[in-house]
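Enquirer: Below are the sequence and a predicted model; questions follow.
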Amino acid sequence: MSFKNKLFAKIPSKYISYKVKDKAKASEITKGYKAIRKNKLFDDDFYLKKYPKVAASGMDPLLHYIFFGFEEGKKPNDTFDGVFYKNHYSDVDINPLIHYALYGMNENRQIKVQNIDLSEFNIDDKKSILFVLHEKVGTVGGTGFLNMDIIDNLPDNYNAFILTSDGEDIELWNVNDNLEKIANYNVSFNTNFSVIDNEDNFISQDNFEMLFSNDELAVIYDEILSKLNISLLHINHLINHSFDLIDIIIKKSIPFLINLHDFYYLCPSIHLVDRNCQYCGFKCPDCGGIAHDSDISNDMILERWHKECFKLLKNSHVNIAPTQSVVDFYKKIYPDLDNFAVIEHGVEINKSSYNAKLTSKPIKILVPGHVSPHKGSLVIKQLKELDKNNNLELHLMGTTIPNLNKYGINHGKYKRSDFNKLVSEIEPSFSLILSTCPETYSYTLTESWMAGLPVIASDLGALKQRINSTGAGWLADYTNVNDIYNLIININQTEYENKLSKISKITFKDLNDACIEYIALYDKLTD
């Protein structure tokens, strides 16, 4: 958080007017802020205890919730469900807690789902499909986008449900004519052991078994599958879900397929990075991220993990990867599996009319997406620190860790539909994607190419495969920042124009074509 933001945050109305240029909207938010405080609808102690990084920032927690927290899936207190409220009432076009404070409270509106008999949502003449996610609805990334794209294209003979778990709540949604939350289970079950998301979050002897089994979750899964008469499961992720789900669907003979969005089924640390946030290369003794417990070793964890995940992947009808590079990684660990398929992520073809140019003094560079340590934030920092003469002008577009702001211009989050427009306004020469772990696909690579930008990317995973197959960019060793800097500085006009010509020849997979492939699988498995 910048000094200016900290200063303004002490005076809510000043901060709001600083963040929101539309005076009418700023006035409504200010009134909402005051109404929330007056009616004690926001629990500061709850919020700061639950989200310690907000406390460390020094920001007014209510302002944080209004401008950032809701979009991140955070809760204002232990009773108000903002995601439910916003989706349940179609007229809510502002922060849901502000809407409730100004209007909804006087109208006695519902603030959380009222669990009812799930059988009421079962439609006899439709096939019920359950999408399993770890992203909270309303805060989804690439995984959620894929699911919503497929659901939007489902034929009328399907009834779609989404089951999510964020480690705090199990949520069940029905997607019919609209998106409606139909059940919420307060089950705390956090199995996100990413080595880079939280240094204190690691597997121990005490929590190891919960990766696989939870009696409370098993009961919930059984009820959902039975009462909704689920015909098929599309499993996108089992983070914050237990493997009980797999045992139950196998026992019930319900077919399922799996999307390999990352490397969770290879290692519960997910990202395949070591303690320095660099690609681990499957050198587990250097990890230090899964186990810090003397009673349990990484070898013990992975032996059991691979046994359970092999059973999961073996029983899946098909394990779908967005690129061949993902299949190659999985085959290293599970050479006996042969039920993999590649379905590239489909996109709405929206090529830009922007004509990229090779700029100098400074060279304008776009850094898109969620730029965290495993997505290259440390490399970006080192690159800019090396740039003593300010030859590089970095434009951060997406979500970044706060301490990157001083190294470039932060344009904030963006909607997928606005990517081309923002690129045209920034006018960069390149897109820079320096992930320190293998990507499975990279939507930002696709977005960059559709915006007409050649890409400098890490020589890993899907980035390597896709750039090698198109020639529409340069591959770089992210561990050698000096080489990356020299690569950028020394690109000449002829080389640059060659990359632009390669971009014009790329064929992107159409969203409808991808959906047709998935629906064909669904039809085959449910006939």
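Expert: Right, received. Where do you want to start? Numbering: from 1, shown residues only.
Enquirer: alpha carbons only for contacts and neighbour counts from here, please
Expert: Fine.
Enquirer: gap between Lys10 and Pro61?
Expert: To Pro61, Lys10 is 11 Å away according to CA to CA, to the nearest Å.
Enquirer: higher neighbour count, those two?
Expert: The neighbour comparison of Lys10 against Pro61 (other CA atoms under 10 Å) goes to Pro61, with 23 against 14.
Enquirer: show me the contacts for that one.
Expert: Pro61 sits next to Asp44, Tyr47, Leu48, Val54, Ala55 when contact means CA atoms under 8 Å, 6 or more residues apart in numbering.
Enquirer: Give me the subset of those residues that lies in helices.
Expert: Counted as lying in helices by DSSP state H, out of the contacts of Pro61, are Asp44, Tyr47, Leu48, Val54, Ala55.
Enquirer: my guess is the second one contacts Pro76, does it?
Expert: Right, Tyr47. Yes - between Tyr47 and Pro76 there is a contact under CA atoms under 8 Å: 6.2 Å.
Enquirer: so where's this protein uncertain?
Expert: When residues are selected by pLDDT under 70, those of the chain lie in 1-9, 138-144, 195-201, 285-289, 291-294, 400-402.
Enquirer: any idea where the strands of the chain begin and end?
Expert: 127-133, 158-165, 170-175, 179-185, 230-235, 256-259, 319-321, 340-342, 363-371, 392-400, 409-410, 430-433, 455-458, 473-476 (DSSP state E).
Enquirer: So what angle separates the directions of the first one and strand 230-235?
Expert: So the one you mean is strand 127-133. On the basis of axes from the mean of the first three to the mean of the last three CA atoms, to 10 degrees, strand 127-133 is oriented at 20 degrees to strand 230-235.
Enquirer: Would you mark the buried spots in stretch 52-63?
Expert: Buried residues in stretch 52-63, counted by 16 or more other CA atoms under 10 Å: Val54, Ala55, Met59, Asp60, Pro61, Leu62, Leu63.
Enquirer: Quickly check these for the two that are furthest apart.
Expert: For the buried residues of stretch 52-63, the farthest-apart pair by CA to CA is Ala55 and Leu63; their separation is 12.2 Å.
Enquirer: if we can go back for a sec, just the ones in helices among the contacts of Pro61 now: which is nearest Tyr265?
Expert: Val54 (31.6 Å).
Enquirer: Kindly reformat the strands of the chain as CSV containing distance to Ser204.
Expert: Listed next are the strands of the chain as CSV, based on distance: least, CA to CA, whole Å:
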stretch, distance to Ser204
strand 127-133, 25
strand 158-165, 21
strand 170-175, 24
strand 179-185, 26
strand 230-235, 26
strand 256-259, 27
strand 319-321, 29
strand 340-342, 32
strand 363-371, 29
strand 392-400, 30
strand 409-410, 38
strand 430-433, 34
strand 455-458, 33
strand 473-476, 36
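Enquirer: out of those strands, nearest to Asn95?
Expert: strand 179-185 (17.7 Å).
Enquirer: Out of the contacts of Pro61, which comes closest to Leu133?
Expert: Closest to Leu133, out of all of these and judged by CA to CA, is Tyr47, at 24.7 Å.
Enquirer: Look at that closest one and say how many residues are nearby.
Expert: Other residues close to Tyr47 by other CA under 10 Å number 22.
Enquirer: Reformat the strands of the chain as CSV; add mean neighbour count and distance to Glu71.
Expert: Converted to CSV, the strands of the chain look like this (neighbours: other CA atoms under 10 Å; distance: least, CA to CA, whole Å):
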stretch, mean neighbour count, distance to Glu71
strand 127-133, 23, 17
strand 158-165, 23, 16
strand 170-175, 20, 17
strand 179-185, 19, 17
strand 230-235, 21, 24
strand 256-259, 22, 25
strand 319-321, 23, 28
strand 340-342, 18, 32
strand 363-371, 23, 14
strand 392-400, 21, 12
strand 409-410, 16, 18
strand 430-433, 26, 24
strand 455-458, 26, 29
strand 473-476, 22, 33
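Enquirer: Those: which one's closest to Asn355?
Expert: Comparing the strands of the chain by CA to CA, strand 430-433 comes nearest, at 11.6 Å.
Enquirer: for the closest one, the distance to its chain's centre please.
Expert: 20 Å (CA atoms, centre = their mean, to the nearest Å).
Enquirer: Would you list the strands that that strand pairs with, along with their directions?
Expert: Strand 430-433 has the following sheet partners, assigned by DSSP bridges: strand 363-371 (parallel), strand 455-458 (parallel).
Enquirer: who's in contact with it?
Expert: Taking CA under 8 Å, 6+ apart as the rule, strand 430-433 contacts 364-368, 375-376, 444-445, 448, 453-458.
Enquirer: returning to what we had before: just the contacts of Pro61 now: which is nearest Lys21?
Expert: Nearest to Lys21 out of those is Val54 (CA to CA; 24.2 Å).
Enquirer: Around the closest residue to the closest one other than its chain neighbours, count how many other residues there are.
Expert: Using CA to CA, 6 or more residues apart in numbering and skipping the chain neighbours, the partner closest in space to Val54 is Leu48 (6.3 Å). Residues lying near Leu48 (other CA under 10 Å) number 17.
Enquirer: Pretty sure Leu48 sits against Ser57.
Expert: No - under the criterion of CA under 8 Å, Leu48 makes no contact with Ser57, lying 10.3 Å away.
Enquirer: For Trp305, give me its contacts.
Expert: Applying CA under 8 Å, 6+ apart, we find Trp305 in contact with Tyr265, Leu266, Cys267, Pro268.
Enquirer: if I look at it, how far off is Ser213?
Expert: According to CA to CA, Trp305 and Ser213 sit 13 Å apart.
Enquirer: and if you look at Glu107?
Expert: As judged by CA to CA, Glu107 and Ser213 stand 43 Å apart.
Enquirer: Name the residue in these two with the higher neighbour count.
Expert: Taking neighbours as other CA under 10 Å, Glu107 and Ser213 compare with Ser213 leading, 16 against 9.
Enquirer: What residues does that one make contact with?
Expert: Neighbouring residues of Ser213 by CA under 8 Å, 6+ apart: Ser242, Phe243, Asp244.
Enquirer: now, which of those residues lie within helices?
Expert: Per DSSP H, these map to helices at Asp244.
Enquirer: For the contacts of Ser213, which single residue is the most surrounded?
Expert: Greatest neighbour count in the contacts of Ser213, by other CA under 10 Å, goes to Ser242: 22 neighbours.
Enquirer: What are the neighbouring residues in contact with it?
Expert: Met210, Leu211, Phe212, Ser213, Asn214, Leu217, Ala218.
Enquirer: give me that answer again for 10 Å
Expert: Contacts for Ser242 were tallied using CA atoms under 10 Å, 6 or more residues apart in numbering; they are 189-191, 209-215, 217-218, 221.
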